[in-house]
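Visitor: here's a sequence, model it:
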Amino acid sequence: MSAPLNIVILAAGKGTRMRSELPKVLHPLAGRPLLAHVLAAADALRPQRICVVYGHGGERLPEAMGRQDVVWVRQEPQLGTGHAVQQAAPHLDPGAAVLVLYGDVPLIRQETLQEMVLIAREGALALLTVRLANPAGYGRIVRNARGQVTRIVEHKDASAEELAIDEVNTGILALPEAKLAGWLARLSSANAQGEYYLTDVIGMAAAEGERILPCHPAAEWEVLGVNSRAQLAALERTHQRNLAGALLNQGVTLLDPARLDIRGELACGQDVLIDVNCVFEGRVILGDGVRVGANCVLKDVEVAAGAEILPFCHIEGAQVGAASRIGPYSRIRPGTVLAAEAHIGNFVELKASQVGFNAKINHLSYVGDATVGQKVNIGAGTITCNYDGAHKHRTVIGDNAFIGSNTALVAPLTVGENATVGAGSVLTRDAPAGELTLSRAKQLTVPGWQRPVKKVKSET
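Guide: The predicted structure follows:
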């Protein structure tokens with residue numbers, strides 16, 4: 001039976017260069033905190049235990065993440081990476097394989113980590129390294145004449161010869177818990193920064209003849225960390241480019257892959273087309289043949305096959321039926337369900353409403369807390385007056401009803417099937433099925449009436 005896996009995530013840094021009161025690992029990448037990405041990578045490995053070492057920001061980290069299944073370990077004061085792992089050590093399972101990750105390195109891939117965990121379970125030390133064209137700031141990997149790793153030297157402690165090395169330490173390593181415990185106890189802060197470096201463990205392991213096996217990521221972006229707003233922005237674009245590439249490989253048409261933002265999960269069927277500058281948040285599902293126009297924002301939305309969303313629409317917490325047509329400039333708010341072939345037009349807002357098959361709300365209307373039947377036609381400028389200042393009330397419109405333009409339906413109210421409501425009406429009582437109902441002031445013409453004219457001032 002293989003050793004259990006314990007994962008330690010170091011997330012105690014302040015992130016001074018972010019120039020923010022928000023702890024660095026809570027800054028968002030693709031709509032989720034950096035730390036959430038790392039936790040997702042850890043979860044994918046199915047560990048027996050995850051320890052997150054936190055410090056700056058205090059309890060904001062565990063509160064923000066809401067993970068009761070994680071062991072939260074506070075590092076106070078922050079005395080380096082080695083000191084951070086020392087704080088987590090009492091919480092690790094004896095005999096476990098231990099993987100060390102970083103809360104500000106969000107794009108590490110599960111496949112890369114699996115290789116390292118396997119090495120640690122076999123009793124060796126796995127070290128993730130990468131070669132960089134510009135290694136400034138990174139700890140250098142020092143090898144002997146046989147190419148074996150002997151130690152890691154931090155940038156500030158490196159000689160000119162060591163600074164010329166382009167293979168650098170990512171900080172990510174995996175090793176047996178039994179060996180880690182002894183090495184942690186021997187760490188020293190006798191270095192340029194006066195900190196306890198976790199990297200010193202490598203030198204100890206080499207001196208004892210332990211096997212140190214370097215591993216390498218498939219791409220450099222896997223191990224890029226975030227220390228500034230500029231780095232965060234660059235990593236965001238890298239991540240979005242990767243997501244766009246995956247969609248293209250699935251057969252999705254992106255009119256410009258560089259102008260797409262996925263801040264959650266986007267699942268697409270066949271022959272989906274997405275125009276430029278669209279933002280997808282939460283969980284969004286687009287069925288076969290769905291077309292999304294430019295500059296749309298969709299959050300927690302399910303769109304059935306063949307539906308078309310025209311440009312500049314904002315849809316949240318809704319279900320869009322098959323072959324429906326929405327927009328341009330429509331806003332669909334949470335709790336709205338559109339049946340198949342519904343038509344929602346420009347500058348229409350829906351909220352917590354059910355709209356039936358082939359119903360049409362095409363222009364400049366607000367429909368909230370309503371049930372709209374099949375083949376209903378709602379004219380321009382219609383509103384459901386659903387709020388009395390204290391409570392919300394529901395409007396029910398039966399199948400095949402016709403609501404004239406500029407109508408106010410004061411809820412609670414029912415409009416019967418096949419009813420017609422005359423344009424410009426204000427209804428406060430139910431409209432019976434199959435009848436014409438209207439409410440208007442009598443039209444008057446005043447004979448001989450003259451429009452006032454400004455008096456012209458005389459010059460003196």
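
Visitor: do I have it right that Val301 meets Ile309?
Guide: No: Val301 is beyond contact range of Ile309, at 9.2 Å (criterion: Cβ atoms under 8 Å). For the C-beta atoms, the positions are set from N, CA and C on the backbone; glycine is no exception.

Visitor: these two: who's more crowded?
Guide: Ile309 (28 against 24; other Cβ atoms under 10 Å).

Visitor: next one, pLDDT for the more buried one please.
Guide: Here the pLDDT value assigned to Ile309 is 98.

Visitor: now do the contacts for it.
Guide: Taking Cβ atoms under 8 Å, 6 or more residues apart in numbering, we find Ile309 in contact with Val290, Arg291, Val292, Gly293, Cys296, Leu298, Val303, Ile315, Val320, Ile326, Gly327.

Visitor: doesn't Val320 make contact with the fifth one?
Guide: No: using Cβ under 8 Å, Cys296 is not in contact with Val320; the gap is 11.7 Å.

Visitor: who has more neighbours, these two?
Guide: Neighbours were tallied for Cys296 and for Val320 using other Cβ under 10 Å; the higher tally belongs to Val320 (30 against 24).

Visitor: so where's this protein uncertain?
Guide: For the chain, applying pLDDT under 70 flags the ranges 1, 459-460.

Visitor: any idea how it splits into domains?
Guide: 5-223, 229-437 (automatic domain parsing).

Visitor: now those domains as a markdown table including distance to Gln443?
Guide: Below are the domains of the chain laid out as a markdown table (distance: least, Cβ to Cβ, whole Å):
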| stretch | distance to Gln443 |
| --- | --- |
| domain 5-223 | 54 |
| domain 229-437 | 10 |
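
Visitor: relative to Gln450, which of these is closest?
Guide: domain 229-437 (26.7 Å; Cβ to Cβ).

Visitor: end to end, how far does the closest one reach?
Guide: 60 Å (Cα to Cα, to the nearest Å).

Visitor: repeat for stretch 152-163
Guide: 12 Å.

Visitor: swap in stretch 186-198?
Guide: Start-to-end, stretch 186-198 (Cα to Cα) is 11 Å.

Visitor: contacts for that stretch?
Guide: So stretch 186-198 is contacted by 79-86, 100, 152, 154, 156-157, 171, 173, 200-201, 204 (Cβ under 8 Å, 6+ apart).

Visitor: can you rerun that using 7 Å?
Guide: Counting by Cβ atoms under 7 Å, 6 or more residues apart in numbering, stretch 186-198 makes contact with Leu79, Gly80, Thr81, Gly82, His83, Val85, Val100, Glu154, Lys156, Asp157, Asp200, Met204, all of which sit outside it.

Visitor: just the strands in the stretch 1-150 of the chain please.
Guide: 5-11, 28-29, 32-33, 49-54, 71-74, 97-102, 125-131, 140-143, 149-153 (DSSP state E, counting those that start in this stretch).

Visitor: and those strands as CSV, adding mean neighbour count and distance to Ser189?
Guide: Shown next, in CSV, are the strands of the stretch 1-150 of the chain (neighbours: other Cβ atoms under 10 Å; distance: least, Cβ to Cβ, whole Å):
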stretch, mean neighbour count, distance to Ser189
strand 5-11, 26, 17
strand 28-29, 18, 32
strand 32-33, 18, 30
strand 49-54, 24, 17
strand 71-74, 17, 20
strand 97-102, 26, 19
strand 125-131, 22, 22
strand 140-143, 21, 20
strand 149-153, 21, 16
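
Visitor: that older thread, okay if I get the contacts of stretch 186-198 as JSON lines plus distance to Gln450?
Guide: Formatted as JSON lines, the contacts of stretch 186-198 follow (distance: Cβ to Cβ, whole Å):
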{"residue": "Leu79", "distance to Gln450": "89"}
{"residue": "Gly80", "distance to Gln450": "89"}
{"residue": "Thr81", "distance to Gln450": "87"}
{"residue": "Gly82", "distance to Gln450": "92"}
{"residue": "His83", "distance to Gln450": "90"}
{"residue": "Val85", "distance to Gln450": "90"}
{"residue": "Val100", "distance to Gln450": "88"}
{"residue": "Glu154", "distance to Gln450": "91"}
{"residue": "Lys156", "distance to Gln450": "89"}
{"residue": "Asp157", "distance to Gln450": "94"}
{"residue": "Asp200", "distance to Gln450": "97"}
{"residue": "Met204", "distance to Gln450": "102"}
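
Visitor: list just the nearest of these to Ile50.
Guide: When the contacts of stretch 186-198 are compared against Ile50 (criterion: Cβ to Cβ), the nearest one is Val100, at 11.7 Å.
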